[in-house]
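Trainee: Model the structure of this input:
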Amino acid sequence: MTSGVDHSKMANAIRALAMDAVEQAKAGHPGLPMGAADVATVLFSRFLKFDAADPKWPDRDRFVLSAGHGSMLLYALLYLTGNATMTIEQIKRFRQLGSLTPGHPENVITPGVETTTGPLGQGVACAVGMALAERLLAAEFTAELVDHFTYVLCSDGDLMEGISHEAIALAGHLKLSKLIFLYDDNGISIDGPLTLTDSVDQVARFKAHGWNAVQIDGHDPEAIAAAITTAQRSDRPTLIACKTTIGFGAPKKAGTSKAHGEPLGAEELAGAKKALGWTYGPFEIPDDILAAWRAVGKRGEGAHAAWRQRFEAANAPSRAEFQRRVIDRKLPLGLADKLVAFKQKLAADAPTVATRKASEMVLETLVAEVPELLLGSADLTPSNNTRTKDLREVRPGDFAGRYIHYGIRELGMAAAMNGLTVHGGFVPAGGTFMCFSDYARPAMRVAALSHAHAIYVMTHDSIGLGEDGPTHQPVEHLAALRAMPNMRVLRPADAVETLECWQIALERDSGPTVLALSRQNLPPLRTTAGADNRCAAGAYELVAAEGPAQVTLFASGSEVSIAIATHKLLTARSIRTRVVSVPSLDALLAATETVRAGIIGTAKVKVAIEAAVRFGWDAVIGHDGIFIGMHTFGASAPAKDLYPHFGITAEAAADAVRARLEGR
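Mentor: Residues are numbered from 1 along each chain as shown. Coordinates of the predicted model:
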């Protein structure tokens, strides 16, 4: 097949490394790598366009192991094909602290891993975003620079997860023809045979979603190759259901759940190697087999060199833009100056608008200046205000637009956004209601783990949305999102802060950002604006006290105006009060102790005002601080009635302060 080494020996090299690594780690999942080794061998040796010497080559094919529990399949492939960082020592350190071989693949740890997977279904949906990114970039930069496939190895579990419905429906609708799923159809889950819980005809299901779908023998190399060849020529995405045996070769555990998530054991491992004709020691790959695999890793060198020539021959503006966006991933030069100019205009105009509307105003400027900004919404475009004037839509077969209608698929949207950003070339921003972050949260967590540069435009951020009631009014969501590591949550108080928060979100390329925006109109609070971004520290003094402060009022978003009104009431009674706007509580708490202490100050009485739960605020106001906010779910009524009903008013805050100062 390759250098005189037949297919079975190359596939067995994957199986052997997986068995040995799991056995040595005393943990892991040998079954999938053993069962899917034939599929992976055919894909990598005959079809996948990649160059092991440069895992970041922009026009490489993408391979996503959605069934991330089978991570040793991917690590074995990286080692065998010659990825420079994936040494045999890393294979031996599978699942050990500090290794490049964690239990589930993580793109920020292991070069050659395209995206973080493990939570089932996430890789499937992320790959939809990758395939969409490829089509969008090809429409912009032509197939001379962008022309590659996205392949996904998925499992029964991936396709049982609800996110798979959202993902494959979107991919089928958009006709993402360069997306190919290789389904490891082994009929086994952790609990036992799949028939315990599922009887879905996946081939029929995918066809119903507008895909091509076929079933083949996943241990027949020629059947696998023929199916991939047909899929590459399709005008629709393709599912290839590869019927396999989990734990292929294991004498007692093959085809059972015992092969799924535990080491085979010494006796079973020895029996498997005997059955496979593998006579070599632990972690030993014979020279001829390793050489054959290393040749696979070099097979794409010619395609890579040809692409490089086309790139150098491209017209200078196109080449420079591709370099900036796709390779360097840098924002346009001069953007900061243009944002400062627009911020100064907003400060002068002082509009009384909802921050969701202020966001739309900011986007009118950003869309013109940041071509990689890709907007969209989960069927809430008029409410999220995410579509600017004349912004062209992405439609089936037409990828020249910059606005995506994701449909009522919050989780699928968030996961596709992960794919769009890890692919390169785009900063996706997707909108929904803040309350529905619960639907999107699993993909948002993967984004935080993956350091994905995604922006979530979450409007209707409090009881201020009014009549829709507690089913749609978020009260615990801000705290829940702030609790997520590497997730930045920004809740601006007016138009100027909204612009500064958008700037933070665009410049923060080490992780995702939530913009929590109001439905209700808010008064302008910042009527002057300099070049500095005051929101960047997470909090800042908006109104100073007249002398040493007795009271500090902390607030975010729509409640900052309540804090300002409280300040007026207290000042009228000669109570020295300062107001601190806190657009990002999590950023404030992440600041150095010196910076944090300087912002929090030393006032005797500290008050937090936010139309959400208290959780998180004690780090600022102390356990004995005063909290004006939510303690229950909301209610259905106009916003103007809800704030007094729940005691979130300037009068309530001022009364609480006076009572504390008077010792009542």
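Trainee: Now do the strands in the stretch 251-400 of the chain.
Mentor: 373-377 (DSSP state E, counting those that start in this stretch).
Trainee: For it, which segments count as helices?
Mentor: Applying DSSP state H, counting those that start in this stretch to the stretch 251-400 of the chain gives helices spanning 266-276, 287-298, 301-313, 316-322, 335-349, 355-369, 381-384.
Trainee: Rebuild these as JSON lines, extending it with mean neighbour count, mean pLDDT and distance to Ala127.
Mentor: In this view, the C-beta of every residue, glycine as well, is placed from N, C-alpha and C. Below are the helices of the stretch 251-400 of the chain laid out as JSON lines (neighbours: other CB atoms under 10 Å; pLDDT from 0 to 100; distance: least, CB to CB, whole Å):
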{"stretch": "helix 266-276", "mean neighbour count": "17", "mean pLDDT": "98", "distance to Ala127": "30"}
{"stretch": "helix 287-298", "mean neighbour count": "18", "mean pLDDT": "98", "distance to Ala127": "22"}
{"stretch": "helix 301-313", "mean neighbour count": "14", "mean pLDDT": "98", "distance to Ala127": "21"}
{"stretch": "helix 316-322", "mean neighbour count": "14", "mean pLDDT": "98", "distance to Ala127": "22"}
{"stretch": "helix 335-349", "mean neighbour count": "17", "mean pLDDT": "97", "distance to Ala127": "30"}
{"stretch": "helix 355-369", "mean neighbour count": "21", "mean pLDDT": "98", "distance to Ala127": "27"}
{"stretch": "helix 381-384", "mean neighbour count": "17", "mean pLDDT": "98", "distance to Ala127": "25"}
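Trainee: So which of those helices is nearest Ile109?
Mentor: For the helices of the stretch 251-400 of the chain, proximity to Ile109 was assessed by CB to CB; helix 287-298 is nearest, at 20.3 Å.
Trainee: Please find the angle between the direction vectors of that closest one and helix 301-313.
Mentor: Here helix 287-298 runs at an angle of 20 degrees relative to helix 301-313 (axes from the mean of the first three to the mean of the last three CA atoms, to 10 degrees).
Trainee: Check the offset of helix 287-298 from the chain's centre.
Mentor: In terms of CA atoms, centre = their mean, to the nearest Å, the centre of helix 287-298 is set 34 Å apart from its chain centre.
Trainee: Could you list every helix and strand in contact with it?
Mentor: In this structure, helix 287-298 packs against helix 7-25, helix 71-81, with contacts taken as 3 or more CB pairs under 8 Å, 6 or more residues apart in numbering; DSSP states H and E.
Trainee: Output that helix as CSV - backbone C-alpha positions only.
Mentor: Taking Å, rounded to 0.1, in the frame of the first residue of the first chain, the C-alpha atoms of helix 287-298 are listed here in CSV:
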residue,chain,number,x,y,z
ASP,A,287,11.1,0.4,11.1
ASP,A,288,9.3,-0.5,7.9
ILE,A,289,5.8,0.3,9.3
LEU,A,290,7.0,3.6,10.9
ALA,A,291,8.7,4.5,7.6
ALA,A,292,5.4,3.9,5.8
TRP,A,293,3.5,6.1,8.2
ARG,A,294,6.2,8.8,8.0
ALA,A,295,5.8,8.8,4.2
VAL,A,296,2.1,9.4,4.7
GLY,A,297,3.0,12.4,6.8
LYS,A,298,5.0,13.8,3.9
